[in-house]
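Asker: Using only what follows, build the 3D model:
(one chain, ligands or ions: 3)
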Amino acid sequence: MLHIGCHLSISKGFEHIGIEAKSIGADTFQFFTRNPQGGKAKDIDANDVQKYNQFAAQNGFAKIVAHAPYTLNPCSDNPQTREFAEMVFADDLKRMEFVPHNYYNFHPGSHVGQGVDVGIGMIIDLLNRLLQPTQTTTVLLETMSGKGSEVGATFEELAQIIAGVNCQDKIGVCLDTCHVFAAGYDIAGNLDGVMTQFDKIIGLTRLKAIHLNDSLMPFGSHKDRHAKIGAGEIGAEALVRFVHHDAVLHLPIILETPNDLQGYATEIKFMRKAF
Ligand code: FE
Ligand code: FE
Ligand code: ZN
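Answerer: Ligands and ions are numbered 1, 2, ... in the order given. A predicted model of the protein is given here:
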């Protein structure tokens, strides 16, 4: 069974987002833990969360994905920015335990000229200060397109981060189809080759969630512009094939395509029909 959903707003609470997800045929979703620009998160309403947890169980929801704010940069050259990243990350992990056993996805960061190795070291340090053996949340590194000085646009860099993490069972990867394509991994023309490479370098057991997007920008462009399914350079056929891959089939698949609710419903229906 395909588990698919899309990015939704959590502003009206967990129960609301669950009902909204179900109404468009989704059985998973992604949400920002707070304003994507950073800022203070809304207080968790224990009653709302309890209702959601019940609703999700009753409706056979898959694991859901929380997304950290875009501004969170654990490998900034500015110590204050790194401190802010750590504060937000720690607070988010605490809050995630209200919806236990789900995923927390973040962009590894931008090294802003300090070099990839310095960046990777800072990301590892943050993870080793924050990840706890007792937490139920698995933290996911998102595969990046490699714009600017982004870390995590190659499988090698992600593997290097994972290798440095102490809590090995709390770390995984979220593969963004638009980003990997833009980063130079040809999931349209050579899917098996890319997945074999992922397996050799990172290990397919680390793959925990998917961001399913077409790419407005061409292969290897290192530009991050999401397109609707079939409206980009990857194409609908290749994305359907991707979702059918053995290592992907059972994972929560999140659409981050430029859509309103109705548009998401259409794409979810399209992907489900392919099964
Ligand atoms: Fe992202
Ligand atoms: Fe993404
Ligand atoms: Zn993106």
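
Asker: now the residue of the stretch 51-200 of the chain found nearest ligand 2, nearest residue through space, not along the chain?
Answerer: Nearest residue of the stretch 51-200 of the chain to ligand 2 (Cβ to the ion) works out as Asp176 at 3.8 Å. Glycine gets a C-beta too; all of them are placed from N, C-alpha and C. Once flanking residues are discounted, Asp176 sits nearest to His211: 3.8 Å by Cβ to Cβ, 6 or more residues apart in numbering.

Asker: and the one you found, what is it in contact with?
Answerer: Gln30, Glu142, Cys174, Leu175, Asp176, Thr177, Cys178, His179, Ile254, Leu255, Glu256 (Cβ atoms under 8 Å, 6 or more residues apart in numbering).

Asker: again, only using 6 Å
Answerer: With contact taken as Cβ atoms under 6 Å, 6 or more residues apart in numbering, His211 is in contact with Asp176, Ile254, Glu256.

Asker: ok, of those, which one's closest to Leu93?
Answerer: Distance to Leu93, by Cβ to Cβ, is smallest for Ile254 among the contacts of His211, at 19.6 Å.

Asker: re earlier: got a pLDDT number for the residue nearest to Asp176?
Answerer: pLDDT for His211: 99.

Asker: For it, give its distance to Ile124.
Answerer: Using Cβ to Cβ, to the nearest Å, we find His211 at a distance of 23 Å from Ile124.

Asker: Gly164 now?
Answerer: According to Cβ to Cβ, Gly164 and Ile124 sit 4 Å apart.

Asker: Burial check on His222, number of neighbours?
Answerer: The local packing count at His222 equals 16, with neighbours defined by other Cβ atoms under 10 Å.

Asker: Helix or strand for it, just tell me which one.
Answerer: Using DSSP states H and E, His222 sits in no helix or strand.

Asker: for it, what are its contacts?
Answerer: Ser145, Gly146, Lys147, Ala182.

Asker: Of those, which is the most crowded?
Answerer: Busiest of the contacts of His222 [other Cβ under 10 Å] is Ala182, holding 29 neighbours.

Asker: Quick check: that one touching Met144?
Answerer: No: contact criterion Cβ atoms under 6 Å: Ala182 and Met144 do not qualify, at 9.0 Å.

Asker: circling back to that earlier point, mark which of the contacts of His211 are part of helices, please.
Answerer: Counting by DSSP state H, the contacts of His211 place none of their members in helices.

Asker: Could you check how far stretch 229-242 is from the centre of its chain?
Answerer: Distance of stretch 229-242 from its chain centroid, counting by Cα atoms, centre = their mean, to the nearest Å, is 19 Å.

Asker: Looks like the residue of the stretch 51-200 of the chain closest to ligand 2 contacts Thr143 (just checking).
Answerer: Yes: Asp176 lies in contact with Thr143 (Cβ under 6 Å); the separation is 5.4 Å.

Asker: I appreciate the help and will end here.
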